[in-house]
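> Sequence and computational prediction follow.
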Number of protein chains: 2
Amino acid sequence: MPGTNLDFPARLRAAGLRPTRQRVALARLLFEGGHRHVTAESLHVEVKTAQMPVSLATVYNALNQFRDAGLLREVVVAPGRSYFDTNTGHHHHFFVEPDGALHDFPSDKVTIAGLPAPPKGTRLSRVDVIVRVRR
Amino acid sequence: MPGTNLDFPARLRAAGLRPTRQRVALARLLFEGGHRHVTAESLHVEVKTAQMPVSLATVYNALNQFRDAGLLREVVVAPGRSYFDTNTGHHHHFFVEPDGALHDFPSDKVTIAGLPAPPKGTRLSRVDVIVRVRR
DNA sequence: TGCAGTCTTTAGAATTGTTCTAAAATTCTT
DNA sequence: AAGAATTTTAGAACAATTCTAAAGACTGCA
């Protein structure tokens, strides 16, 4: 991704987070390659495999902090499990039903027309489109 | 709702479910009035209040069976909690963010254009649109 | 109607995903 | 390097849901 800052300590600091060893390691795994989807559990396995043990609680803390800081977006598609998406831009998701795989698709080409106005007293926050598919 | 069958034992039987006392009681609460959204917990409170005690496990069983039988639709909008919707027709949802309230809106007027084709090897199952709003 | 056979309910235990706690370790400022 | 503030951690706690196995209810058939 051109223009992406690979200096993770700096990026974390810019987001108001101390660049601890653990957070830098997780940020590297999350943001070094292309966009990805992880769960706390999957990221925990990954970071352990990468010889960089980080406790599960820290993985949860970091994911929540990264999300709050706008570095990640939380995607709710399946009951009882939260996915986090490194793509924070406008886009939507395919969700492959039995296996739980998630794929992004850009929202450029997608147009949604005829949405009703938000209930009064509320303002629009986000529109999520989840295209559920089966094998 | 005109045309709706209020003979719950018959409806359950038609869905391949034995019309037990508990299932009939739950079906009555769910389908007697207009469309509704419930969680297992909320329905459990309701059925207890209605002097018709049904164990929480049975509420979970019934909701899952009703969903599998096509009488209910499961809606995933918030992490760690499943909503069930008595409206099984084509429609989408408003989700009011801090309080967790859900509102249906019909999909008649809504058009979604430009969706990409499903990943190969998969076929479309459903498109969910969740309009998240905040107070 | 009575009875066997099958399915359902139930309370409580178990499981799963996530958050909390309080002590130890790390990071930041000086 | 010292002190203050934040973070990490293991394990406990928690919340939502599912499982277990014993007791109860529904069904079909005599």
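Sure thing, it's come through.

> tell me the contacts of the nearest residue to A:L30 once chain neighbours are set aside?
Excluding the flanking residues, the one nearest A:L30 by CB to CB, 6 or more residues apart in numbering or on different chains is A:T86, at 5.3 Å. Heads up, the C-betas are built off the backbone N, CA and C, glycines and all. Contacts here follow CB atoms under 8 Å, 6 or more residues apart in numbering or on different chains; on that basis A:T86 touches A:30-31, A:35-37, A:71-72.

> Just the buried ones from the residues you listed?
A:30-31, A:36-37, A:71-72 (16 or more other CB atoms under 10 Å in any protein chain shown).

> Mind picking the two most distant members of these?
By the measure CB to CB, A:H37 and A:L71 form the most distant pair in the buried ones among the contacts of A:T86, at 14.1 Å.

> what is the spatially most central residue of chain A paired to in the beta sheet?
In chain A, the residue lying closest to the centroid (CA atoms, centre = their mean) is A:D85, at 2.0 Å. Counting by DSSP bridges, A:D85 is bridged to A:H37, A:R73.

> Correct me if wrong: it contacts A:L72.
Yes - between A:D85 and A:L72 there is a contact under CB atoms under 8 Å: 6.6 Å.

> returning to that earlier point: distance of the residue nearest to A:L30 from A:N64?
15 Å (CB to CB, to the nearest Å).

> follow-up on the earlier one: quick check: the gap between the residue nearest to A:L30 and chain B.
Going from A:T86 to chain B by CB to the nearest CB, to the nearest Å gives 18 Å.

> got it, and A:V59?
For A:V59, the distance to chain B - CB to the nearest CB - is 15 Å.

> Can you give me the buried ones in the helix ranked longest in chain A?
Longest helix in chain A by number of residues, with DSSP state H as the criterion: helix A:56-68. Neighbour-count burial for helix A:56-68, counted by 16+ other CB under 10 Å, picks out A:58-59, A:61-63, A:65-67.

> helix/strand/coil for A:D104?
Three-state assignment for A:D104 (DSSP: H, G, I helix; E, B strand; the rest coil): strand.

> what's the burial count for it?
17 (other CB atoms under 10 Å in any protein chain shown).

> And for A:Y83?
Neighbours around A:Y83, by other CB under 10 Å: 21.

> That one contacts A:L102, doesn't it?
Yes - the pair formed by A:Y83 and A:L102 meets the contact definition of CB under 8 Å, at 5.8 Å.

> Between those two, which contacts overlap?
A:37, A:75, A:77.

> what's the closest of the residues you listed to chain B?
A:V77 (6.2 Å; CB to the nearest CB).

> What about the closest one, how many residues nearby?
A:V77 has 20 nearby residues by other CB under 10 Å.

> try A:L12
Count around A:L12 with other CB under 10 Å applied: 22.

> ok, the shared contacts of A:Y83 and A:L102 vs DNA strand D, which is closest?
Nearest to DNA strand D among the shared contacts of A:Y83 and A:L102: A:V77, at 14.0 Å, using CB to the nearest atom of the strand.

> Backbone torsions only: list them for the closest one.
Dihedral pair for A:V77: phi -130, psi -20, per degrees, to the nearest 10.
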